[in-house]
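Participant: Structure for this input, please:
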Amino acid sequence: MYRREPAPLPELPHISTRPVNDEDDAVLADLMERAYAGTIDEQLGGNSDGAVEIAAWRPTAVPDASFVIDQDGLRAASLISRHGNDFWLGYVITHPDWKGRGLGSAVVAASLRALDAPVLAAVTDGNTPSERLLTALGFTPVPN
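Facilitator: This is a model prediction of the structure:
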């Protein structure tokens, strides 16, 4: 598990983001399936159905702090949820054709700016790209 306290973010290239909306759900589900295919997180929450995952996220979603990059289709997303008093970075999703271009960092940074509150994140053991992204944005590991 990781935690980030409110603090200035590192300099990032400017990439336009927008808040997620209800009409994005089907495209988010498809993006999630594409992004996670062949990765350590392919089975998502015990299945490989992005629509099920997005539907499960919606009841605890914080849409004003969840962002997408929409450039001729969704390229990346940062989905925030709230559980009790805690904000969680539930998903960071980047289309496989667009990985390694800073899109994940851009959407997570937009979420962090919108919240200005502590944020928690869980990472699957062995998901090194997610661990690097979180660390680069100021998240620190916390004991379970």
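Participant: Against S81, how distant is the residue nearest the centre of the chain?
Facilitator: The residue lying closest to the centre of the chain (CA atoms, centre = their mean) is V92, at 2.3 Å. Distance of V92 to S81, computed by CB to CB, to the nearest Å: 13 Å. C-beta coordinates here come from the backbone N, C-alpha and C atoms, glycine included.
Participant: so the residue nearest to the centre of the chain touches V107, yeah?
Facilitator: Yes: V92 lies in contact with V107 (CB atoms under 8 Å); the separation is 7.0 Å.
Participant: Need the overlap of contacts for these two.
Facilitator: Residues touching both V92 and V107 by CB atoms under 8 Å, 6 or more residues apart in numbering: 76-78.
Participant: need the residues you listed in CSV with distance to V123, neighbour count and pLDDT, can you?
Facilitator: Output for those, formatted as CSV (distance: CB to CB, whole Å; neighbours: other CB atoms under 10 Å; pLDDT from 0 to 100):
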residue, distance to V123, neighbour count, pLDDT
A76, 17, 27, 95
A77, 17, 29, 96
S78, 14, 28, 97
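Participant: I'd like those written out as JSON lines, with distance to V68 added.
Facilitator: As requested, these are exported to JSON lines (distance: CB to CB, whole Å):
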{"residue": "A76", "distance to V68": "7"}
{"residue": "A77", "distance to V68": "5"}
{"residue": "S78", "distance to V68": "8"}
